[in-house]
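Asker: The sequence isn't on hand, but the structure is:
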């Protein structure tokens, strides 16, 4: 209760009431496929108990995944997530730099070996022993081999760390690979992929909440993605969806939302081949998402989407 009051005190200046917070918890519950009755339990999980230490590594990426989380109103990253988890190392938001920061990384890994959650953003260059990606005199490959296997679990946020992303697109001169591919058998801890370019922050939060609430990581699909977020295709959840009839796609106009326009499949939409919950959770605090704005889905949460899904404006 004390932690919850502390959290509320930090949210009030932003105009966020307890009701807003509970609405957010209800949204997380719905995203995870849980009953609304789990909202109070999620609120409790987010505001009580020991905070799991987190080491957040940046490799070959654009930092868009971090920015997607940091710049979202929900989940109020500065108050909620930083009060819920102990972010011990994160290059983007740390005030310090240089040797002192690298020392923090090594101390955290040593102190919490087997107990910290390792979040990885970005692919790992592996060509020529990984020399195309260096941090503090070490290759990204060396850092990954040193840190990731010592964690409790690895959360790969974004398509780059999950599947290689644009860095791994042909001809891939740096030999960029996903965390799982780059480390292979050396990575003996559980891996959760949260792909997207960028992924929806709610899917990252839902994964963390699942661990806090149930003491385990969420159920995964064959690509190690949380089923609660990636269990259905974009097309199956899309208000613009069409069905195939007599050799052509016919738009389903049954819902009010479908009046926004026709199915974008003929414009190259990859929704039927892409698994994600974008139509339900949307982006920018639930304001919209690409297809609602009239742009076809490019399949960014699928493995090797830059090569497999392009040209983006042609049907597969």
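Answerer: Arrived safely. Computed from a predicted model, the values in this text were never measured in an experiment.
Asker: rest of the way, CA atoms for contacts and neighbours
Answerer: Fine.
Asker: So what touches stretch 166-179?
Answerer: When contacts are defined by Cα atoms under 8 Å, 6 or more residues apart in numbering, stretch 166-179 is touched by residues 60-61, 120, 122-127, 130, 132, 144, 156, 160-165, 304, 306-307.
Asker: quick one: that stretch to chain centroid distance?
Answerer: 20 Å (Cα atoms, centre = their mean, to the nearest Å).
Asker: Quick check: buried residues in it?
Answerer: 166-169, 174-179 (16 or more other Cα atoms under 10 Å).
Asker: Now the two most distant members of those residues.
Answerer: 169 and 179 (15.4 Å; Cα to Cα).
Asker: need the contact list for residue 194.
Answerer: By Cα under 8 Å, 6+ apart, the neighbours of residue 194 are 155-159, 162, 203-204, 225-226.
Asker: And residue 125, by the same measure?
Answerer: So residue 125 contacts 60, 131-133, 140-141, 174-177 (Cα under 8 Å, 6+ apart).
Asker: go with 7 Å
Answerer: Residue 125 makes contacts with 132-133, 141, 174-177, as judged by Cα atoms under 7 Å, 6 or more residues apart in numbering.
Asker: Over to residue 158?
Answerer: Contacts of residue 158 (Cα under 7 Å, 6+ apart): 65, 121, 194-199.
Asker: Could you rerun that using 10 Å?
Answerer: 61, 63-66, 120-123, 164-165, 193-200, 204, 300-301 (Cα atoms under 10 Å, 6 or more residues apart in numbering).
Asker: roughly how far apart are it and residue 202?
Answerer: Counting by Cα to Cα, to the nearest Å, the gap from residue 158 to residue 202 is 13 Å.
Asker: now do residue 123
Answerer: 22 Å.
Asker: Looking at these two, which one has more neighbours?
Answerer: For residue 123 versus residue 202, neighbours defined as other Cα atoms under 10 Å are more numerous around residue 123 (32 against 23).
Asker: Which strand residues bridge the more buried one?
Answerer: residue 60 (DSSP bridges).
Asker: show me the contacts for it.
Answerer: Counting by Cα under 10 Å, 6+ apart, residue 123 makes contact with 58-61, 133, 140-141, 156, 158-168, 175-179, 181-182.
Asker: Show me the strands in the protein, by range?
Answerer: Using DSSP state E, the strands of the chain run over 53-58, 86-90, 117-121, 124-125, 134-135, 138-139, 153-157, 176-177, 191-194, 242-245, 248-251.
Asker: Of those, which stretch is the most buried?
Answerer: strand 124-125 (a mean of 32; mean count of other Cα atoms under 10 Å).
Asker: average pLDDT across stretch 198-205?
Answerer: Mean pLDDT, stretch 198-205: 88.
Asker: Flag the shaky bits of this structure, pLDDT-wise.
Answerer: 1-18, 46-50, 72-85, 242-261 (pLDDT under 70).
Asker: all helices for it, in order.
Answerer: Counting by DSSP state H, the chain has helices at residues 2-11, 18-31, 39-47, 64-70, 80-84, 99-111, 140-147, 159-163, 179-183, 201-214, 227-230, 234-237, 278-281, 305-308.
Asker: With respect to residue 54, which of those lies nearest?
Answerer: That would be helix 99-111 among the helices of the chain, by Cα to Cα, at 8.9 Å.
Asker: Show residues contacting the closest one.
Answerer: So helix 99-111 is contacted by 53-57, 88-91, 94-96, 113, 115-118, 135-136, 146-148, 150-151 (Cα under 10 Å, 6+ apart).
Asker: and the gap between residue 222 and residue 302?
Answerer: Taken as Cα to Cα, the span from residue 222 to residue 302 is 12 Å.
Asker: what's the answer for residue 65, then?
Answerer: Taken as Cα to Cα, the span from residue 65 to residue 302 is 16 Å.
Asker: Pop the domain breakdown of the chain in here.
Answerer: 51-226, 234-309 (the TED database).
Asker: Please identify which of the buried residues of stretch 166-179 is nearest to residue 210.
Answerer: residue 179 (21.8 Å).
Asker: Going through the contacts of residue 158, which ones are buried?
Answerer: Neighbour-count burial (16+ other Cα under 10 Å) is assigned, among the contacts of residue 158, to 61, 65-66, 120-123, 164-165, 193-200, 204, 300-301.
Asker: burial count for residue 291?
Answerer: So residue 291, with other Cα under 10 Å, has 22 neighbours.
Asker: my guess is it contacts residue 240, does it?
Answerer: Yes: between residue 291 and residue 240 there is a contact under Cα atoms under 10 Å: 8.2 Å.
Asker: where's residue 91 relative to residue 135, distance?
Answerer: Distance from residue 91 to residue 135, by Cα to Cα: 11 Å.
Asker: same thing with residue 90?
Answerer: Distance from residue 90 to residue 135, by Cα to Cα: 13 Å.
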